[in-house]
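K.L.:
have a look; sequence and predicted model below, questions after that.
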Amino acid sequence: MKKILAFSFIFSCSFFFGQARSTSSSKELLYNVSIGSVIGAIGAVINKKPEQKFGKIALKGFYQGALGGYVTFESKRLLQIAEQNQDWKLLWCAKIVNAGGISIKENASANRDFWEKWHINIGFNRIEFETKEKFSVNYKVMPVALIYTIGVASQTKFELGKSLKSGEFIFSSSSERFNETYSSGVTFPGAIVLYSPYKNDFSLLSHEIIHNYQANDFSQFDAFFYKPLSYINNSSETLKKINKYVYYDFRYLPQLFLYKIENSNITYYYENIFEREAGYYSNTFNTYLVK
């Protein structure tokens, strides 16, 4: 089993960094499923209980992560259909499907059954649904997304209508920084900023939402820190009470790191795998540049 996991990890990394400079549904399916399965297996092993067998837990995390990866792939395809039809209703449908896929992947990394806990993120807000023993709803704030959203809100205009219709925190700005960087939109943790002249462009918005989904793809890494956070909570009643309402969104660190690696050696904007995926699902390959 260890050899299988090692091979799968190397294959996923090779696929991630060596993917052909084009994309298709089959390639995107492979990317989403392979990343979900490998990280799911690694996370499940990290969160393994002493009495549990390594192979069994690794396999469980692997196939549950693969299932979650497939569901997130379908959420991106649903967003593609929304863009093709300019249909705002499908944005929420895609968001809900994406939340389901990410929940399955998080459960895989946390060494839980895939149905035990569900959640959906709206900006810096995380709403959790516990289903293992009795149904309950819990609210948590994501600090990284909150800090970024406060910074964005202080410098831009909040687009209430677009936010309600998309389920994302949308802002607009006329900053010259967009022209300086040849961009029309940018996605921060918890917030999307659109260049004002293009703020009504459905394709641009879809492109930025895909970047949000990509950040969600890395939420499996959050589970890597569950054990140390549990230790901290058990050692301090104050922190335990505070952390009851906080979800630490570490996911942005690996995403930012990999994005910079992708951007470090390219000659064409869409050679970056993150931008290529966003361009593919939003039909923005031949329009303005977007972040």
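P.N.:
Received it, and whenever you're ready, just let me know what you need. Numbering: from 1, shown residues only.
K.L.:
what's the neighbour count on Asn283?
P.N.:
Residues contacting Asn283 under the criterion other C-beta atoms under 10 Å number 15. No exception for glycine: its C-beta is placed from N, CA and C like everyone else's.
K.L.:
and for Arg177?
P.N.:
Neighbours of Arg177 under the rule other C-beta under 10 Å: 12.
K.L.:
then Ile232?
P.N.:
Neighbour count for Ile232, taken as other C-beta under 10 Å: 13.
K.L.:
OK, contacts around the closest residue in space to Asn47 that isn't next to it in sequence?
P.N.:
Using C-beta to C-beta, 6 or more residues apart in numbering and skipping the chain neighbours, the partner closest in space to Asn47 is Asn111 (4.0 Å). With contact taken as C-beta atoms under 8 Å, 6 or more residues apart in numbering, Asn111 is in contact with 43-44, 47-49, 52, 57, 60-61.
K.L.:
from Val246, how far off is Asn111?
P.N.:
For Asn111, the distance to Val246 equals 21 Å [C-beta to C-beta, to the nearest Å].
K.L.:
follow-up on the earlier one: my read is the residue nearest to Asn47 is in a strand, agree?
P.N.:
No: remark: Asn111 does not belong to a strand; assigned using DSSP: H, G, I helix; E, B strand; the rest coil, it is coil.
K.L.:
tell me the confidence at the residue most central in space within the chain?
P.N.:
In the chain, the centroid-proximal residue (C-alpha atoms, centre = their mean) is Asn216; its distance is 1.3 Å. Listed pLDDT for Asn216 reads 93.
K.L.:
residue contacts, it?
P.N.:
72, 98, 102, 121, 251.
K.L.:
list the contacts of stretch 147-157.
P.N.:
Residues outside stretch 147-157 that contact it (C-beta under 8 Å, 6+ apart): 123-124, 169, 171-173, 175, 188-191, 193, 196.
K.L.:
TSV please, covering the residues you listed and showing distance to Ala278 and pLDDT.
P.N.:
Formatted as TSV, the contacts of stretch 147-157 follow (distance: C-beta to C-beta, whole Å; pLDDT from 0 to 100):
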residue	distance to Ala278	pLDDT
Gly123	19	96
Phe124	21	96
Phe169	18	98
Phe171	18	98
Ser172	19	97
Ser173	19	96
Ser175	21	92
Phe188	15	95
Pro189	16	95
Gly190	17	95
Ala191	16	97
Val193	15	98
Ser196	20	96
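K.L.:
how about Phe250, secondary structure?
P.N.:
When classified by three-state DSSP, Phe250 comes out as coil.
K.L.:
who touches it in this structure?
P.N.:
Going by C-beta under 8 Å, 6+ apart, Phe250 touches 144, 221-222, 224-225.
K.L.:
weed out the non-buried ones from those residues.
P.N.:
Burial by neighbour count, 16 or more other C-beta atoms under 10 Å: within the contacts of Phe250 this picks out 144, 221-222, 224.
K.L.:
which ones among those residues are found in helices?
P.N.:
Counting by DSSP state H, the part of the buried ones among the contacts of Phe250 found in helices is Val144.
K.L.:
for Leu78, see how far away Gly65 is.
P.N.:
Noted for Gly65: a distance of 20 Å to Leu78, by C-beta to C-beta.
K.L.:
hmm, back to that, by neighbours, which of the contacts of Asn111 wins?
P.N.:
The member of the contacts of Asn111 surrounded by the most neighbours (other C-beta under 10 Å) is Gly61, with 33 neighbours in all.
K.L.:
can you show me the strands along this structure?
P.N.:
For the chain, the strands defined by DSSP state E cover 117-122, 125-130, 136-141, 157-158, 170-173, 185-188, 191-195.
K.L.:
quick one: which of those is nearest Ile210?
P.N.:
The closest of the strands of the chain to Ile210 is strand 185-188. By C-beta to C-beta, the value is 8.7 Å.
K.L.:
from the rest of the structure, what touches the closest one?
P.N.:
Identification of contacts with strand 185-188 by C-beta under 8 Å, 6+ apart yields 148-149, 151-152, 192-195, 198, 204-205, 207-208, 211-212, 215, 290-291.
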